[in-house]
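[1] Sequence first, predicted coordinates after that:
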Amino acid sequence: MKKINQFNNKELQQKNNSGRKTIKYIIKKLRYKNFDAFIIKFKPLIQRYFPKLNYIYTKIKKKYYSGKNLYCPCCEHHFRKFFPHGKYFRSTAMCPNCGSLERHRLLLLYLYFKTNFFSEKTRALHFSPSYALEKRFKKMPNLEYITTDLKNPRAMVKMDITDIKFEDNSFDVILCYHILEHVKDDIIAMKELFRVLIPDGWAIIQVPINFNLKTTFEDPNIVLPKEREHYYGHRNHVRQYGLDYIEKLKSIGFNVRIDEFGSKLDDVSRKKFGLNEDEKIFYCLK
């Protein structure tokens, strides 16, 4: 009887320990999930109505996500994981410190490893840069770095991409990264980019592109945000680019090279930097 009682007590203790572990696991998961949901829900409100709290907010995020699993090349910090972001709640998309997304980290790595952007004296024009890249590039002594945007108060020059206020052959490099899908007259914008780029200069003219779509889909009657999100994938996009995007660039005069830089990296590196292997780089030479 004594042995039976001892066995029953031991079995009960194991069940209790197992139950406690399960409860702790559930609480941990719920805590992380709710924190992510909380940040996603209130981030725009904090940034818009309480800008002074943004510094504290960033510090909290940085502390919460701190770790050694991932690395952001934009701000050069390590993290346990990246911040969820996007329509489909990409779980490791945004850097908790500088706010870089997969495409921003990919661009920086590409510029560092595949171009002379970090090494040679360069006059660069950057359209609507992310804060993460802008902050990094402004510190580079080899760059004469000019940012531009139509509305962003951080922009050095306020101007429309379809009417660039610079003379012909003004820039060695142009970064136009995920911009043209927002522009109504994209062909005029491409011509302007070509005009202000020096001979033998190069540009990264990137757009979200559907490689299963032969022809760009664009309908001027689609104007409501919900309709644009349904047909174009984003409420602020005015078209869904297809394979003919490359021909559009070539028709302007660009020599276009599609670099699958992200997919050429090994799985460990892509995971470490939080990259999307499907994103391709459009390197356009004048």
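    In hand now; what should we look at? Numbering: from 1, shown residues only.

[2] shaky segments in the stretch 51-200 of the chain?
    51-55, 57-58, 86-89, 91 (pLDDT under 70).

[3] Break down it into its strands, ranges please.
    Ranges of strands within the stretch 51-200 of the chain are 70-72, 77-79, 83-85, 90-94, 122-127, 143-149, 157-158, 171-177, 197-206, based on DSSP state E, counting those that start in this stretch.

[4] can you redo those as JSON lines with distance to residue 257?
    The way it works is simple: take the backbone N, C-alpha and C, and place the C-beta from them, glycine included. Shown next, in JSON lines, are the strands of the stretch 51-200 of the chain (distance: least, C-beta to C-beta, whole Å):
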{"stretch": "strand 70-72", "distance to residue 257": "27"}
{"stretch": "strand 77-79", "distance to residue 257": "32"}
{"stretch": "strand 83-85", "distance to residue 257": "29"}
{"stretch": "strand 90-94", "distance to residue 257": "27"}
{"stretch": "strand 122-127", "distance to residue 257": "19"}
{"stretch": "strand 143-149", "distance to residue 257": "22"}
{"stretch": "strand 157-158", "distance to residue 257": "28"}
{"stretch": "strand 171-177", "distance to residue 257": "15"}
{"stretch": "strand 197-206", "distance to residue 257": "9"}
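
[5] ranking those strands by burial, who's on top?
    Highest mean neighbour count of the strands of the stretch 51-200 of the chain: strand 171-177, a mean of 23 (counted as mean count of other C-beta atoms under 10 Å).

[6] That one versus strand 143-149: what angle between them?
    40 degrees (axes from the mean of the first three to the mean of the last three C-alpha atoms, to 10 degrees).

[7] Listing partners with orientation, what would you give for strand 171-177?
    Partner strands for strand 171-177, per DSSP bridges, with pairing direction: strand 122-127 (parallel), strand 197-206 (parallel).
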